[in-house]
Each structure stands twice: as C-alpha cells, then as structure tokens.
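Undergrad: this is the structure alone, sequence omitted:
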C-alpha cells in the first residue's frame, strides 16, 4: 500500500510539472517579440596630427668598404726567394720603403760587375783613342811644316833655273820632294780623321756600357720588392726558398686608413642627387656596421660616380670617401645613409596611412572619417612624405578593410613620428652611443659570463669595438638591445 501511494504521488507530480511547462511555453509564444534598438559600431583608431615641415630625406642602401689605395705586389724578376720581411704575412703591417721580399741577387750582381768591367774597358779605350788622336794631329802638323819647306825649296830651285844658274835635274828633284811632302800631309790627315772616328766610337761604347750598367743595376734593384706606402698585407702566397717566376703575384698591399664605400642606387634615386647643372652633389653620408651589439659609424662625403652602369647591373654606382673609419676593414658590408637635398612643405605620415590610390583617412569634427587624396613625395622606411590639404588635421595611422569614409571612430592621438633617419644622418647618434630611453637589463652572473666569453672569442670584431662591448657588459645594467644582438649571434 505504501508503494502504491508513492507511485501515485510521483505520477501526480510529473503531470503537474508537465502542465506548468506547457503553460509557460504557451505564455512565451503568446507574447509579442520586441527587438532591441540597433547601435552604430564605433572603431578605435590611432591618429596623428599632420604638420608641414622642411625635411631632409635620407636615402638608405647597402654598400661595401674598399680601400682607395690597393697594390698587387708581383715579382719583377724570377728566382729563388732568399729573404722575407718579419711582417710579411696576411694582416702584417709594413712601412714605406721597407724591403718585403728579396730574390737571390747573385746573377743580377754578376751582371752588374760585368757591366762595370765593360764600362771600364770603354773608358780605357776612350783614353787610348784620345792619345792616338793627339799623336796623329802632331804628325799632321809636322808633315804640313815639311811640306811647306819642300815647297819653298822647289820654288827657290825653279828661280835659280830661270836665271840659268840651276839645272833641270835639281829642279825636278825639288819638285818631286814637294809632291811627296804633300802626299805625306794627306796621309797624316787621314790618320787624324781615323783617330777622331775612334774617339767617337769610344764615346758611343761608353754610352752603351753605361746603359748596360744601368739596366744591370735596375735588375739588381728589382730583386728587392719594396713597399711603396704604409699599409697592410693581404693574400700572401710566398715563403722563403721558393722559386718564383717573373711577374708572379706575391701579395696585395692595402692602405687601411684611406677607405671609401661603394654603393649602388637606382636611376631615380641617382637623379635626386644631381644639382641644377646635372653634377653629382657632394653630400654627406653615414656608414654603419653592426658589430655584435655595437654600431660602428663613420662619416664621409660623396666623391664620384662610376662612369658606366656596370655589366649586368642596373642603377648607378657611387663612391664616398670616409673620414676616420675606425674599426672598418675593406670588404665590410655596411648600411649607407645619404642625405638628400631638403624638401620643403612636406608632411611625414606612417606608410600604412595611405592606400594604393593615394588617399588617406582624416577625422571630421564629428569624429567621422573622410578620404582625401594626397601626393606622395618620398618614402622613408616605414614613413612617407606627402603633400596635400591635410595640414593641421588628424590622419589615421593605419588603414584597414573595416575603415572607410563616413565611419564613426574613437581617436587615440599621439605625437607625429620623429625623423630618426634624418637625425642619424645629421650626427645625433655617435659611435656606440645608445638612446637615452633604451631598456636596460640586470644580468645574472652566468648570463654575463656567457656573453663576455662569446665577445672575447669573436676574432672578427675589431679590438676597439670589443673593448667597448666588454666595458658595457661589465656595468650593472646592460642595454637590452646589445644583449639581444649578441645572443642572436650566439644562437640563443
């Protein structure tokens, strides 16, 4: 009876619950639906105030450091290398006038001795010819005097014969003697002429002997390869005792203090570096080399442009001479920033603010967007320089497919972007200097030791840059940017 009572009670409760549920559903379906009022969607956007200013654009490209004075050292003569300078090695420093390589001079010295002996023989021959010429001239003078005496004797004998005192035989004898004397004079003149010719030949022989001696001395001097200027050796490929051929390449001498950077720009960029007369503007450049957390920076000035575009290349190749390029080496791949002529009345905006049609979105007084077309003047990294009727208005920093003309927005304003690239080109950033607002890190002893070990083991970093990095790592607070660069090179 209790079980039947409980079952009946449960069934009654289920029926009551079903009726309550059915009534609630019917009441809900009977009510009229009321939809909430629709609200306009408002987007939050970052805006920047458009201000007109005079901006110095900076052309950024990549270039290669090279020396303005490079010389291939080649062997002028062939032979065996008998001596090398102590600094004749890859990276060795040499001074002007220092003997770098000496080739066996035995044969060259023998040639010099032989040429000196030939010159001594030629000079002795000249002295002998001069003495013979003097004797020949004396004999000619004596023969001329004898001829004069013979002629007078013949004339006197002829006068006696005309007066009937002398005989015809005596006259003929005197005439024959005078003729013989004249013949002797001609013979002595010929001997004197031969003596003069011998003297001339001796002078020519001396000249040839002197030329041969100078040639032998030059070849002897060429056995020693001398440094023509102060520099550093590279790519040395000779050792003592090796046989070298004439004109064989021994090494390359580079002046590490007279450096320049070569960089290539497009034709359009090159045209912006020309003045009104079409000449290349000798503008300033800044060269930067990222050296394991320390930026090596050198200043320079454009010096010239290549006369040809280059085989298989486009654009123009420009060269700039560097001033005090401390830490730079020929072959370094660097970033080059070139100051272009200033642009007046331009507006600097983020590059994402303009779409493909050259339009930017600006705010109206009701915080709605309005599209305005602007003229693109120049691109500067992540920024653009434009001209247009947007001066003094708020411009949306970055466009998106959700934004368009007439859309209401909630603006978040910030100052206009600074011209970091121009500031760097003007020299506000010094070598190794870090920005004042840069984040600093406090390193653990293990992490600091790992960074110091990596920097000390880096053989490619210049010693002065390495000293600066180690000094920064020894400080209690280390720039986060430097730590990130070093750890990036460490692979972690």
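TA: Received it, and whenever you're ready, just let me know what you need. Bear in mind that the values here come from a model prediction, so they are computed numbers and not experimental data.

Undergrad: enumerate every residue touching the closest residue in space to residue 203 that isn't next to it in sequence.
TA: Of all residues not flanking residue 203 in the chain, residue 126 sits nearest, at 6.4 Å (C-beta to C-beta, 6 or more residues apart in numbering). The C-beta positions use only the backbone N, C-alpha and C, and glycine is treated the same way. Under the criterion of C-beta atoms under 8 Å, 6 or more residues apart in numbering, the contact list for residue 126 reads 199, 202, 203, 205, 206.

Undergrad: tell me which element residue 126 is part of?
TA: Here residue 126 is covered by helix 106-162, with elements defined by DSSP states H and E.

Undergrad: I'd like the next helix or strand past that helix.
TA: Following helix 106-162 toward the C-terminus (DSSP H and E): helix 168-221.

Undergrad: state the mean pLDDT of stretch 207-219.
TA: The average of the pLDDT scores along stretch 207-219 is 92.

Undergrad: ok now it, how far from the chain's centre?
TA: With C-alpha atoms, centre = their mean, to the nearest Å as the basis, the distance from the averaged C-alpha position of stretch 207-219 to the chain average is 41 Å.

Undergrad: buried set for it?
TA: Going by neighbour count (16 or more other C-beta atoms under 10 Å), the buried part of stretch 207-219 is 209, 212, 213, 216, 217, 219.

Undergrad: list the contacts of the residue lying closest to residue 487 once chain neighbours are set aside.
TA: Taking C-beta to C-beta, 6+ apart, and ignoring the residues beside it in sequence, residue 487 has residue 451 as its nearest neighbour in space, at 7.4 Å. Contacts were defined as C-beta under 8 Å, 6+ apart; by that measure residue 451 touches 443, 473, 483, 486, 487, 490.

Undergrad: just the buried ones from the residues you listed, in ChimeraX syntax?
TA: To isolate the buried members of those in ChimeraX, using 16+ other C-beta under 10 Å:
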select :443,473,483,486
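
Undergrad: restricted to helices, list the contacts of residue 451.
TA: For the contacts of residue 451, membership in helices holds for 473, 483, 486, 487, 490, with DSSP state H as the criterion.

Undergrad: while we're on the last one, how confident is the model there?
TA: To tie it back to what came earlier, the one meant is residue 490. Note on residue 490: pLDDT of 72.

Undergrad: leaving out chain neighbours, which residue sits closest to it?
TA: With C-beta to C-beta, 6+ apart as the criterion, residue 490 has its nearest non-adjacent residue at 5.3 Å, and that residue is residue 454.

Undergrad: these two touch, right, the one you found and residue 485?
TA: No. Counting by C-beta atoms under 8 Å, residue 454 does not reach residue 485; the two are 11.1 Å apart.

Undergrad: the strand ranked longest in the chain pairs with which strands?
TA: Across the chain, the strand with the greatest residue count (assigned by DSSP state E) is strand 294-305. Partner strands and pairing direction for strand 294-305 (DSSP bridges) are strand 284-291 (antiparallel), strand 316-323 (antiparallel).

Undergrad: center of this protein - which residue?
TA: Centrality entry for the chain: nearest residue to the mean C-alpha point is residue 66, 2.8 Å, by C-alpha atoms, centre = their mean.

Undergrad: pull out the buried positions in the strand or helix carrying it.
TA: With the criterion set as DSSP H and E, the secondary-structure element containing residue 66 is strand 58-67. Of the residues in strand 58-67, those buried under the neighbour-count criterion (16+ other C-beta under 10 Å) are 58, 59, 60, 61, 63, 65, 66, 67.

Undergrad: nearest to residue 367 among these?
TA: Using C-beta to C-beta, residue 58 comes nearest to residue 367 of these, at 35.1 Å.

Undergrad: pLDDT value on the closest one, please?
TA: 87.

Undergrad: cool, the one 3 residues further on as well?
TA: Residue 61 is assigned a pLDDT of 89 by the prediction.

Undergrad: OK, contacts around it?
TA: Shown here is residue 61, whose contacts under the criterion C-beta under 8 Å, 6+ apart are 263, 264, 265, 269, 335, 336, 338.

Undergrad: between those residues, identify the one with the most neighbours.
TA: In terms of neighbour count, residue 338 stands highest of these at 25 neighbours, by other C-beta atoms under 10 Å.

Undergrad: name whatever forms a beta bridge with it.
TA: On the basis of DSSP bridges, residue 338 is bridged to residue 59, residue 285.

Undergrad: quick check, it in contact with residue 281.
TA: No. Counting by C-beta under 8 Å, residue 338 sits too far from residue 281 to count as a contact (9.6 Å).

Undergrad: where do the contact lists of those two overlap?
TA: For the pair residue 338 and residue 281, residues contacting each of them under the criterion C-beta under 8 Å, 6+ apart are 273, 302.

Undergrad: stretch 4-17 - what's its average pLDDT?
TA: Across stretch 4-17, the per-residue pLDDT values average to 86.

Undergrad: please work out which residues outside that stretch touch it.
TA: Residues external to stretch 4-17 that are found in contact with it (C-beta under 8 Å, 6+ apart): none.

Undergrad: returning to that earlier point: could you give the angle of the helix holding residue 126 to helix 168-221?
TA: Comparing the axes of helix 106-162 and helix 168-221 via axes from the mean of the first three to the mean of the last three C-alpha atoms, to 10 degrees yields an angle of 170 degrees.

Undergrad: what residues of stretch 381-399 count as buried?
TA: Going by neighbour count (16+ other C-beta under 10 Å), the buried part of stretch 381-399 is 383, 384, 385, 386, 387, 388, 390, 394, 395, 396, 397, 399.

Undergrad: one step back: confirm the residue nearest to residue 490 sits in a helix?
TA: Yes. Under DSSP: H, G, I helix; E, B strand; the rest coil, residue 454 falls within a helix.

Undergrad: contacts only, for it.
TA: Counting by C-beta under 8 Å, 6+ apart, residue 454 touches 486, 489, 490.

Undergrad: do residue 346 as well
TA: Taking C-beta under 8 Å, 6+ apart as the criterion, residue 346 is in contact with 52, 53, 54, 55, 377, 378, 385, 386, 387.

Undergrad: what is the neighbour count of residue 253?
TA: Other residues within reach of residue 253 by the criterion other C-beta under 10 Å amount to 22.

Undergrad: where's it, which helix or strand?
TA: strand 249-254.

Undergrad: for the helix or strand just after that strand, what is the average pLDDT?
TA: Under the assignment DSSP H and E, the closest C-terminal helix or strand after strand 249-254 is strand 259-265. Taken as a whole, strand 259-265 carries a mean pLDDT of 91.

Undergrad: list the helices and strands the helix or strand following strand 259-265 packs on?
TA: Beyond strand 259-265 on the C-terminal side, the first helix or strand identified by DSSP H and E is helix 267-271. Helices and strands in packing contact with helix 267-271 are listed as strand 316-323; criterion 3 or more C-beta pairs under 8 Å, 6 or more residues apart in numbering; DSSP states H and E.

Undergrad: quick one: residue 77 is in a strand?
TA: No. The assignment for residue 77 by three-state DSSP gives coil, which leaves it out of any strand.

Undergrad: now it. Nearest residue, chain neighbours left out?
TA: Leaving aside its sequence neighbours, residue 77 sits nearest to residue 222 (C-beta to C-beta, 6+ apart; 5.1 Å).
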